[in-house]
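Colleague: Starting from these lines, generate the structure:
(one chain, ligands or ions: 2)
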Amino acid sequence: MDIHEHQAKDVLRRFGVPVPDGGIAFAPEQAMHEARKLGLPVVVKAQVHAGGRGAAGGVKLCRSETEVNAFALSLLGRNLVTKQTDAQGKPVHRLLVEKATDISKELYLGLVLDRKSERIMIVASREGGMEIEELAEDRPDALVRMVIDPATGLVPFQSRELAFKLGMSGSQIAQFSNVMRGCYRAFRDLDATMVEINPLVITGSGDLIALDAKMSFDTNALFRRPEVAALRDPGQEDPREDAAAEHGLNYVGLEGDIGCIINGAGLAMATMDMIQLAGGSPANFLDIGGGASPERVVAAFRTVLSDPNVSVVLVNIFAGINRCDWVASGVVQAYRELNLTLPVVVRLAGTNVDEGRWIINESGLPLISADTLAEAAATAVASRPAMAA
Ligand code: ADP
Ligand code: MG
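Modeller: Ligands and ions are numbered 1, 2, ... in the order given. All right, here's what the predicted structure looks like:
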């Protein structure tokens, strides 16, 4: 789960990381009020769950209240498209109004969960501000990496070594150690999966301050972090994924036109591969889970069909815990309830498969049956209306 920059800054501030003074605004008047409180100039920043806002016009230095008002008016209620969003962008409903900081140098600092070492890894660079993915690709040696041993936690000499590698001197070294400790403890104590400060800046007077902050959290740990769960902003999430989660469905929207309703994450991945192999493109990943009732299958259809790009639906069930007859009833019910006209390809295997096929065949609906995964994928690709194909 992602949170907003202002929330991440509040969290990090609590852990002792220096961040600029600022306030949140949901309306232009409020933004002007915050600017007046802080004193001009201020930096006004769109709060969306995506980076790249600076380059996309979502961050602006404002020298007057009129400028704050105009910028707030131009952003609030609109979608901001950045390099990290899709073509639709993310809605801007709140702004962070912050004290403008005098920047002398922009550094990069990130803590991520490194799957290879199974540890928290620190990634840092003298070259902050820009996107780290690009830097990692173009000039990997500009990045410094360090792994934290969970038995000892972050050890002070690690912070000092990093500070030296980042070219710091004097009191900056103690300040950097303080930033590192705060980020590490926030990461560890709140079950984060990522903490990123880009840029961490050295100010004109030589002090360190976090000008941007991003945090992601492990969704599976939210049950024991109610204070983190409370930071969720559903407005920034894909509404289709939300609706799906409410029905116990695991859905991820994609770009293609073949809607997928599948049981099991592995089979769902394999089916998406088979669709690609057959020359098509999946519209989504969807795992209906085990023991899916007909109602859950109908909910799956609703979710998949909420994507206007879908031109065919492929149902692929290998029933172990599931029952083919339940799934088949769900398919028939969905077809009738939702007045479907688009082609639906159904491949059933496993528990109660004969009953399932019987339900499909007896329904009298133009459902297309397939025996194997390969056949189902090829049939789905071939069944697309001419326009979509
Ligand atoms: P994003 O990463 O989404 O582009 P940032 O928060 O990193 O957004 O802001 C982009 C740039 O704007 C920063 O690299 C920094 O140069 C500048 N900036 C951001 N906040 C401030 C601030 N409070 N004072 C001065 N400059 C800022
Ligand atoms: Mg940034």
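
Colleague: Tell me where the stretch 251-389 of the chain has helices.
Modeller: Along the stretch 251-389 of the chain, the segments classed as helices by DSSP state H, counting those that start in this stretch run 265-277, 294-305, 324-337, 353-362, 373-382.

Colleague: got the residues of the stretch 1-150 of the chain near ligand 1?
Modeller: Taking C-beta under 6 Å from any ligand atom as the criterion, the neighbours of ligand 1 within the stretch 1-150 of the chain are 20, 43, 45, 51-54, 59, 98, 100-101, 103, 106, 129. (Glycine included, C-beta is placed from N, CA and C.)

Colleague: Show me these that map onto strands.
Modeller: Here DSSP state E is the test, and those give 43, 45, 59, 98, 103, 106 as lying in strands.

Colleague: As a markdown table, these with distance to residue 196, neighbour count and pLDDT would be great.
Modeller: Shown next, in a markdown table, are those (distance: C-beta to C-beta, whole Å; neighbours: other C-beta atoms under 10 Å; pLDDT from 0 to 100):
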| residue | distance to residue 196 | neighbour count | pLDDT |
| --- | --- | --- | --- |
| 43 | 18 | 20 | 98 |
| 45 | 15 | 25 | 98 |
| 59 | 16 | 20 | 98 |
| 98 | 17 | 24 | 98 |
| 103 | 18 | 14 | 97 |
| 106 | 13 | 18 | 97 |
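
Colleague: Enumerate every residue touching the residue of the stretch 151-300 of the chain found nearest ligand 2.
Modeller: Nearest residue of the stretch 151-300 of the chain to ligand 2, counting by C-beta to the ion: residue 212, 3.5 Å away. Listed by C-beta atoms under 8 Å, 6 or more residues apart in numbering, the contact partners of residue 212 are 5, 51, 196-199.

Colleague: out of those, who's near ligand 2?
Modeller: Counting by C-beta under 5 Å from the ion, the subset of the contacts of residue 212 that neighbours ligand 2 consists of residue 198.

Colleague: Contact distance from ligand 2 - what residues of the stretch 51-200 of the chain qualify?
Modeller: With C-beta under 5 Å from the ion as the criterion, the stretch 51-200 of the chain comes near ligand 2 at residues residue 198.

Colleague: Now do the strands in the stretch 51-200 of the chain.
Modeller: Counting by DSSP state E, counting those that start in this stretch, the stretch 51-200 of the chain forms strands over residues 59-62, 79-80, 90-91, 95-99, 103-114, 119-125, 143-148, 192-203, given from the N-terminal end onward.

Colleague: right, so those: which one is the most enclosed?
Modeller: With neighbours defined as mean count of other C-beta atoms under 10 Å, the strands of the stretch 51-200 of the chain peak in mean count at strand 95-99, which reaches a mean of 24.
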